[in-house]
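[1] What shape does this take:
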Amino acid sequence: MKKMKNELEYVEKLETIYQKSLDIYTKKSLLPVFDEETTNELNEVADRADNARGVFAVLTTLFVYKSLVPKQDIRLYQVKFDGGFSGRTADTKYITPFLKSVSFPAPSTTGWLTRTLESSQPYTLDYQPAVKPLILKKAFLNLIDKVQERGFDSCLLLIYIFSKLIEKREEERLDNLANPHNLPISDIVLLLNHHFNYSYEGGGSGASRLPVLAIYAAYQCMMSQLKRYEGKVLCNLENHTSADTRSGSVGDIEIDDNDGTAFEGVEIKHNIEITKEIIEIAYDKFKSQQTKRYYILTTAKMDKADWDVINREVRKISKIHGCQLIINGVYTTLQYYLRLLDDTSEFVENYVELIKNDSAIKYQHRKAWNEIVSSLSIID
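    Numbers count the residues shown, from 1 in each chain. Predicted structure coming up:
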């Protein structure tokens, strides 16, 4: 088995490629030129990177590894292959963390979590697993083949892809987000309701993150204003694609005591009715902790919920664990939290900052926010 390159080598290589890509975006240098077929394949990977994060992370890993170990056949991405290497290890330790650090599309931990990319076959042109769509699969395999068999420069190919992603990222950042001040609480909640339930394209991937950000923005305010949270720590939000059970978090939002134990947790559902099963799953996350209070909130209407079953489950958990479990609506909770704040404008500022910078939030979510604020004619 070949010796893994160290972290410094990966970081330096990635930063060099990224800096050259930035130089292209800022017009300090020109985009690498390839033949029409290769250009189309690179554009295919870049255009689909957000929905095919596994393919993008794997391709980045293979190309970076090739630049560091030129003699390595990058089609042999597992150590079980004769002459192979651990692409998954390199991706998990170095590549995916870097992609996240520059706000590029990235999987939760590694691109090789995608089953169609983790196979018993090398990445040759006749690779069988059904990477979809087919046009992306062909681009993926052809680019690997061009690097391995035809001597294409893997760094130049990555510079092209990174440049396209930087361009897309900057276009979608939309830093100039509406930040209305001095709004009545009813208007703030109305804004949020419209933002959560906007008719987003493609089903609005990422929209379920918005209620989480709103509740988190409220906690950012309350941590310094309410006696209950003195000496407590509001944990950073986990990546939207990370399962709580895998990350170790008790919920979407976690407040810890100063000794690191979970003091309070919040699980938030978007347009999903709370059921006994959801409560049981949430309990599994905090039952080993000394959590004092746990909220399960939803934006869905709960008028058809089986409250007898829900209340029995809440009482059972309270009796077994001692945690105060609260089932409530997101909007009701926000109204209550906002009434506790000295200045609701701070909450709006926090929410705007979160939707500006959270990796799960897309251009369409930011654009919708501006449209909603403008259409309601309540800009300060």
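[2] so where is the stretch 101-250 of the chain shaky, pLDDT-wise?
    Where the stretch 101-250 of the chain drops to pLDDT under 70, the residues are 202-204, 239-247.
[3] What ranges does it have for its strands?
    233-234 (DSSP state E, counting those that start in this stretch).
[4] and what of the stretch 251-380 of the chain?
    253-256, 262-269, 293-298, 324-329.
[5] Ok, which of the ones you listed comes nearest residue 187?
    strand 324-329 (18.0 Å; Cβ to Cβ). C-beta coordinates here come from the backbone N, C-alpha and C atoms, glycine included.
[6] List the buried residues of that closest one.
    325, 327 (16 or more other Cβ atoms under 10 Å).
[7] Can you list the strands that that strand pairs with?
    strand 293-298 (parallel) (DSSP bridges).
[8] Kindly calculate the angle that the partner strand makes with strand 262-269.
    10 degrees (axes from the mean of the first three to the mean of the last three Cα atoms, to 10 degrees).
[9] Please dump the strands of the stretch 251-380 of the chain into JSON lines; it should also carry mean pLDDT and distance to residue 371 for every row.
    Converted to JSON lines, the strands of the stretch 251-380 of the chain look like this (pLDDT from 0 to 100; distance: least, Cβ to Cβ, whole Å):
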{"stretch": "strand 253-256", "mean pLDDT": "98", "distance to residue 371": "27"}
{"stretch": "strand 262-269", "mean pLDDT": "98", "distance to residue 371": "24"}
{"stretch": "strand 293-298", "mean pLDDT": "98", "distance to residue 371": "25"}
{"stretch": "strand 324-329", "mean pLDDT": "98", "distance to residue 371": "25"}
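[10] close enough to count as contact, residue 43 and residue 164?
    Yes: with contact defined as Cβ atoms under 8 Å, residue 43 counts as touching residue 164 (7.0 Å).
[11] and the two? which has more neighbours close in?
    residue 164 (20 against 14; other Cβ atoms under 10 Å).
[12] What sits closest to that one if chain neighbours are left out?
    Distance criterion Cβ to Cβ, 6 or more residues apart in numbering; nearest residue to residue 164, sequence neighbours excluded, is residue 46 at 3.8 Å.
[13] so what's the one you found up against?
    Each residue near residue 46 by Cβ atoms under 8 Å, 6 or more residues apart in numbering is listed here: 160, 161, 164, 165, 168.
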